[in-house]
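In: Coordinates only, no sequence provided:
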Ligand SMILES: O=C(O)C1=C[C@@H](OP(=O)(O)O)[C@@H](O)[C@H](O)C1
Ligand SMILES: C=C(OP(=O)(O)O)C(=O)O
């Protein structure tokens with residue numbers, strides 16, 4: 001049954017970033033994790049029966065995932081806050097085109113699913129998506145026995161599936177994105193010979209995301225071993241259907257928590273999980289390094305900004321999604337910051353190292369790219385246009401600086417719909433809660 005839930009209006013176009021008149025004091029509840037939602041959808045589609053997903057994120061990336069799975073023959077019934085996913089009775093029946101938008105999880109995970117089906121599927125996406133790397137995944141799928149046709153190492157690609165995809169031993173260089181590795185792990189159990197995959201090449205980024213894949217597979221009865229740090233063995237067998245509840249998106253939460261640091265205020269995010277594989281959880285350590293107080297309470301995770309923001313020296317390889325928000329904080333800190341281990345984010349929604357260098361410097365910062373990161377020398381910033389490059393996290397970074405710096409305007413806010421269509425609304429609510437809090441405080445004095 002489809003819900004009659006009204007569609008949210010999505011803000012698009014230019015967006016003057018609101019200035020914080022007071023330290024931000026707010027509680028912000030963020031919707032479900034993109035990474036967990038899209039894994040839960042894929043695993044439900046691969047499972048041996050119907051599964052229900054509750055609290056899944058409803059945003060562009062997860063809509064594209066649902067649309068793509070439907071193209072492959074999966075039935076998804078949307079019932080308000082939860083979705084019932086029914087795998088196709090006779091295997092995936094792909095013939096047609098799947099739009100990946102700008103979603104890394106869609107463009108990497110679904111070709112692996114299509115490799116198990118009959119027919120040929122064409123994958124395409126936004127203009128920016130056509131620059132994101134795919135080569136190592138395409139080589140891996142071909143080594144596993146799928147038919148792969150592409151002009152180069154990027155979208156568009158055609159995948160011709162096989163119902164008895166062999167799988168077996170493969171080498172895969174996942175140093176430019178952990179998503180290739182997650183993609184093959186997700187389908188490994190459904191291959192005739194299972195999968196024995198070795199990561200070969202430079203450093204594997206985003207290890208918590210790989211661990212998220214492994215644990216979600218294990219929760220569904222898949223036998224998966226890691227005999228060496230960079231080798232995973234997935235035994236062939238069914239993936240058990242399982243109902244699941246999605247955690248809040250901690251990387252999206254980080255943008256709101258960072259508002260406490262930049263304004264010396266306090267932000268609470270309810271339902272912060274005790275234990276999680278989301279790399280956004282590393283924001284707790286990152287914010288502490290900047291000098292904030294970070295505390296788990298019965299109300300959620302509470303972050304309080306300190307009197308000054310320290311410069312930081314951080315390897316963000318495990319949690320590179322946090323880079324734009326961290327870079328924004330670093331730009332207004334007291335000392336120079338070094339962000340390392342994030343060369344691969346040149347292949348994210350945009351080249352994030354180049355984008356951050358250009359946009360921070362445009363506001364008066366002294367920021368420079370290195371081979372694998374950024375060096376950010378704080379300066380007094382001034383207003384200006386902040387280009388978002390269709391990148392939701394660039395928008396978060398611009399909004400954050402706009403709290404402190406007068407006259408920052410984002411050229412396009414609609415890109416936040418990728419993982420958080422309600423970003424402008426939640427940001428405005430956070431500020432109006434803060435005004436209420438400071439009015440109450442004044443009255444109370
Ligand atoms: O598997 C996932 O859900 C993700 C893995 C990471 O990709 P990279 O390894 O390409 O950084 C992360 O940045 C992305 O936002 C989501
Ligand atoms: C890199 C990101 O997204 P994607 O899933 O498209 O790779 C991100 O959300 O920061």
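Out: That came through fine. Fair warning: this is a prediction, and the values are worked out from it, not measured in the lab. Numbering: from 1, shown residues only. Ligands and ions are numbered 1, 2, ... in the order given.
In: so for stretch 118-130, what's the average pLDDT?
Out: For stretch 118-130, mean pLDDT is 97.
In: which parts of the protein sit against ligand 1?
Out: 35, 104-105, 177-179, 182, 205-206, 209, 320-321, 344 (CB under 6 Å from any ligand atom). C-betas here are computed from N, CA, C, even on glycine.
In: give me that answer again for 5 Å
Out: Residues of the chain lying near ligand 1 by CB under 5 Å from any ligand atom: 35, 105, 177-179, 182, 205-206, 209, 320-321.
In: In the protein, what helix or strand scores lowest on average pLDDT?
Out: Among the helices and strands of the chain, helix 423-444 carries the lowest confidence by mean pLDDT, DSSP states H and E, at a mean of 82.
In: buried set for that one?
Out: For helix 423-444, burial by neighbour count (16 or more other CB atoms under 10 Å) applies to 423-424, 426-427, 430-431, 433-434, 437-438.
In: out of the residues you listed, which one sits closest to ligand 2?
Out: Lowest distance from ligand 2 to the buried residues of helix 423-444 (CB to the nearest ligand atom) belongs to residue 423, with 12.7 Å.
In: Please give me every residue in contact with the closest one.
Out: 11, 252, 255, 392, 395-396, 399, 413, 416 (CB atoms under 8 Å, 6 or more residues apart in numbering).
In: Quick check, the residue in the protein closest to ligand 2?
Out: For the chain, CB to the nearest ligand atom, closest residue to ligand 2: residue 104, 2.4 Å.
In: ok, now how distant is that residue from residue 371?
Out: Here residue 104 is placed at a distance of 22 Å from residue 371 (CB to CB, to the nearest Å).
In: These two: who's more crowded?
Out: Ranked by neighbour count (other CB atoms under 10 Å), residue 104 and residue 371 place residue 104 first, with 27 against 7.
In: residues contacting the more buried one?
Out: 132, 177, 179, 348.
In: In JSON lines: the residues of the chain next to ligand 1, plus pLDDT.
Out: Formatted as JSON lines, the residues of the chain next to ligand 1 follow (pLDDT from 0 to 100):
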{"residue": "35", "pLDDT": "98"}
{"residue": "105", "pLDDT": "98"}
{"residue": "177", "pLDDT": "98"}
{"residue": "178", "pLDDT": "98"}
{"residue": "179", "pLDDT": "98"}
{"residue": "182", "pLDDT": "99"}
{"residue": "205", "pLDDT": "98"}
{"residue": "206", "pLDDT": "98"}
{"residue": "209", "pLDDT": "98"}
{"residue": "320", "pLDDT": "98"}
{"residue": "321", "pLDDT": "98"}
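In: now, which of those lie within helices?
Out: Among the residues of the chain next to ligand 1, the members falling in helices (DSSP state H) are 35, 105, 178-179, 182, 209.
In: now that we have those, which one has the most neighbours?
Out: Counting neighbours by other CB under 10 Å, residue 35 leads those with 31 neighbours.
In: My read is that that one contacts residue 212, right?
Out: Yes - contact criterion CB atoms under 8 Å: residue 35 and residue 212 qualify, at 6.3 Å.
In: Report the set of residues contacting both of those two.
Out: residue 278.
In: number of nearby residues for the nearest residue to residue 398 once chain neighbours are set aside?
Out: Closest residue to residue 398 apart from its sequence neighbours, by CB to CB, 6 or more residues apart in numbering: residue 386 at 3.6 Å. As a burial measure, residue 386 scores 26 neighbours (other CB under 10 Å).
In: what's the answer for residue 119, then?
Out: With other CB under 10 Å as criterion, residue 119 counts 15.
In: residues contacting it?
Out: Residues in contact with residue 119, defined by CB under 8 Å, 6+ apart, are 93-95, 160-161.
In: how about those in CSV, adding secondary structure and pLDDT?
Out: Below are those laid out as CSV (DSSP: H, G, I helix; E, B strand; the rest coil; pLDDT from 0 to 100):
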residue, secondary structure, pLDDT
93, strand, 90
94, coil, 78
95, coil, 80
160, strand, 97
161, coil, 96
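In: Buried among those residues? Make that a PyMOL selection.
Out: Buried subset of the contacts of residue 119, written as a PyMOL selection, criterion 16+ other CB under 10 Å:
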select buried, resi 93+94+160+161
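In: So which residues of the stretch 251-400 of the chain form strands?
Out: Counting by DSSP state E, counting those that start in this stretch, the stretch 251-400 of the chain has strands at residues 266-269, 293-297, 300-304, 313-315, 337-340, 366-369, 374-377, 384-386.
In: Please work out which of these is packed deepest.
Out: strand 266-269 (a mean of 24; mean count of other CB atoms under 10 Å).
In: so what does it touch, helix or strand wise?
Out: strand 25-27, helix 250-263, strand 300-304 (3 or more CB pairs under 8 Å, 6 or more residues apart in numbering; DSSP states H and E).
In: So which elements touch the first one?
Out: Going back to what we said before, that points to strand 25-27. With contacts taken as 3+ CB pairs under 8 Å, 6+ apart, strand 25-27 sits against strand 266-269, helix 423-444.
In: Can you tell me which residues in the chain are near ligand 2?
Out: 103-105, 321, 348.
In: Which two of these have the greatest separation?
Out: Farthest pair in those (CB to CB) is 103 and 321. Separation: 13.4 Å.
In: Export the contacts of residue 104 to TSV and append columns for distance to residue 67.
Out: Formatted as TSV, the contacts of residue 104 follow (distance: CB to CB, whole Å):
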residue	distance to residue 67
132	19
177	22
179	19
348	22
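In: Tell me, please, where in this protein the pLDDT is lower than the cut-off.
Out: Within the chain, the stretches with pLDDT under 70 are 1-10, 441-445.
In: all helices for it, in order.
Out: Taking DSSP H to define them, one finds helices in the chain at 34-46, 60-71, 104-114, 135-144, 178-188, 207-219, 250-263, 283-289, 323-331, 352-362, 392-402, 423-444.
In: export these to CSV and tack on distance to residue 167?
Out: Conversion of the helices of the chain to CSV gives the following (distance: least, CB to CB, whole Å):
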stretch, distance to residue 167
helix 34-46, 13
helix 60-71, 21
helix 104-114, 11
helix 135-144, 5
helix 178-188, 6
helix 207-219, 14
helix 250-263, 31
helix 283-289, 36
helix 323-331, 34
helix 352-362, 33
helix 392-402, 34
helix 423-444, 40
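In: Specify which member of the contacts of residue 104 is nearest to residue 47.
Out: Once CB to CB is applied, the member of the contacts of residue 104 that ends up nearest residue 47 is residue 179, at 20.6 Å.
In: Tell me the spacing between residue 32 and residue 168.
Out: Distance from residue 32 to residue 168, by CB to CB: 35 Å.
In: Of those two, which one has the most company?
Out: residue 32 (24 against 16).
In: List the contacts of the more buried one.
Out: Counted by CB under 8 Å, 6+ apart, residue 32 has contacts 55-57, 246-249.
In: any idea which of the residues you listed is closest to ligand 1?
Out: Closest approach to ligand 1 among the contacts of residue 32 (CB to the nearest ligand atom): residue 249, at 10.1 Å.
In: What are the phi and psi values at the closest one?
Out: For residue 249, the backbone dihedrals (degrees, to the nearest 10) come out as phi -80, psi 110.
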